[in-house]
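Student: sequence-free structure coming up:
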């Protein structure tokens with residue numbers, strides 16, 4: 001049995017793809033560009049892969065501002 005997953009929020013850059021799915025980039029997860037029916041689904045697999053590899057899931061320390 002795996003440990004319960006901690007719920008976290010992350011800042012994301014997202015847009016709607018031509019197929020109707022969200023395309024998401026997550027600045028606090030280097031290299032994370034994903035796609036899913038929802039925002040959460042779009043990053044869940046990436047986080048699962050990091051955990052399966054035994055890698056640390058980075059904290060969201062990115063600040064986004066409009067200038």
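Tutor: That came through fine. These numbers come from a predicted model, not from an experiment.
Student: from here on, contacts and neighbour counts on C-alpha atoms
Tutor: Noted.
Student: Could you tell me the end-to-end distance of stretch 59-67?
Tutor: End-to-end distance of stretch 59-67 (C-alpha to C-alpha, to the nearest Å): 24 Å.
Student: where does it sit relative to the chain's centre, distance-wise?
Tutor: 14 Å (C-alpha atoms, centre = their mean, to the nearest Å).
Student: Tell me which residue is most central in the chain.
Tutor: Nearest to the geometric centre of the chain sits residue 43, at 3.1 Å (C-alpha atoms, centre = their mean).
Student: same for the helix or strand where that one lies, what does it pack against?
Tutor: Following DSSP states H and E, one finds residue 43 within helix 39-52. In terms of contacts (3 or more C-alpha pairs under 8 Å, 6 or more residues apart in numbering; DSSP states H and E), helix 39-52 is packed against strand 22-25, strand 33-36.
Student: pLDDT weak spots in the chain?
Tutor: The chain contains residues with pLDDT under 70 at 1-8, 62.
Student: Distance across stretch 17-31, terminal residue to terminal residue?
Tutor: Using C-alpha to C-alpha, the end-to-end distance of stretch 17-31 comes to 19 Å.
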